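Peer 1: The amino acid sequence is not available; the structure is as follows:
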């Protein structure tokens, strides 16, 4: 099934600045990235970062327009969990302090469940526990803040899901994706969990069908997967558009099981 994605970002800075961009598909069939500072195209340097394709941009003073288009024809094969990944994604991280919720998770969930059922139970619990509310959370909020607040956006849902899974000794990571069917359209954050040695996708928001998601990158939490990081000067993101479409009909998110087969 062909999926087409695109995004456009407008960044402005009073002085030259550096940007790290993570909007490129992990495995595109075809793609084009255009960076136009002051209307003149410049090359973007791609960096080899585990789990991501990061482009480093040197922004001139003034306005820079970034445009990315790509398509992918088919999903890749299932990803197996390596020993190194197991060790990395079972430990606490900046936004996912799983060590702080070990006792809480142990009282809320039955650790003896088969792994697929446990992952499904955690994702469904987060979906019931939180209320999706745009603008309700801060960029510095951790999963503990989200749990106490009881609301958030997709990254908050993903952080809480990851944190509870790690607290139950289930390796889990955040995945940034393009999400056909998401409304309003934006970059989206979901979770991959270790289910019997294979990474399986769950999305506690249930805002888009997981079968149509297209991977951008993965990491410990949002610190590793931000679509744009700005350094130096006082650069700001002034505008952004994201689109993602598939050929054919999309399933309803509520019709899909936790987790995906």
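Peer 2: Received the coordinates, thanks. The structure displayed is predicted, hence computed values, not measured ones. Numbering: from 1, shown residues only.

Peer 1: where does the protein dip in pLDDT?
Peer 2: Residue ranges of the chain with pLDDT under 70: 253-261.

Peer 1: Residue 94 belongs to a strand?
Peer 2: No - read with DSSP: H, G, I helix; E, B strand; the rest coil, residue 94 is coil and lies in no strand.

Peer 1: thinking residue 19 is in contact with residue 56, fair?
Peer 2: Yes - the criterion here is CB atoms under 8 Å, and residue 19 meets it with residue 56 at 7.4 Å. From N, CA and C alone the C-beta is placed, and that goes for glycine too.

Peer 1: between those two, who's got more neighbours?
Peer 2: residue 19 (23 against 14; other CB atoms under 10 Å).

Peer 1: Can you tell me which helices and strands the host helix or strand of the more buried one packs against?
Peer 2: Assigned by DSSP states H and E, residue 19 belongs to strand 17-21. Under the contact criterion of 3 or more CB pairs under 8 Å, 6 or more residues apart in numbering; DSSP states H and E, strand 17-21 touches strand 52-59, strand 228-231.

Peer 1: Next, the buried residues of the helix or strand just after it.
Peer 2: Once strand 17-21 ends, the next helix or strand along the chain (criterion: DSSP H and E) is strand 30-37. With burial defined by 16 or more other CB atoms under 10 Å, the residues of strand 30-37 counted as buried are 33, 35, 37.

Peer 1: list the contacts for residue 134?
Peer 2: residue 153 (CB atoms under 8 Å, 6 or more residues apart in numbering).

Peer 1: what about it, distance to residue 116?
Peer 2: Distance of residue 134 to residue 116, computed by CB to CB, to the nearest Å: 31 Å.

Peer 1: Now residue 172. Its backbone dihedrals?
Peer 2: The phi/psi pair for residue 172 (degrees, to the nearest 10) reads phi -150, psi 150.

Peer 1: I am assuming it contacts residue 160, so please confirm or correct that.
Peer 2: No - the criterion here is CB under 8 Å, and residue 172 misses it with residue 160 at 10.8 Å.

Peer 1: List the contacts of residue 138.
Peer 2: Going by CB under 8 Å, 6+ apart, residue 138 touches residue 145.

Peer 1: Could you do residue 158 as well?
Peer 2: 174-175, 189-191, 203-204, 222.

Peer 1: Just give the nearest non-adjacent residue to it, would you?
Peer 2: Once flanking residues are discounted, residue 158 sits nearest to residue 189: 4.3 Å by CB to CB, 6 or more residues apart in numbering.

Peer 1: and that neighbour, how many neighbours?
Peer 2: 25.

Peer 1: That one: helix or strand, and which one exactly?
Peer 2: Using DSSP H and E, residue 189 falls in strand 188-195.

Peer 1: After that strand, which helix or strand is next?
Peer 2: The C-terminal neighbour of strand 188-195 among helices and strands, as given by DSSP H and E, is strand 198-202.

Peer 1: Could you pull out the buried residues of that following strand?
Peer 2: Those would be 199-202, for strand 198-202 by 16+ other CB under 10 Å.
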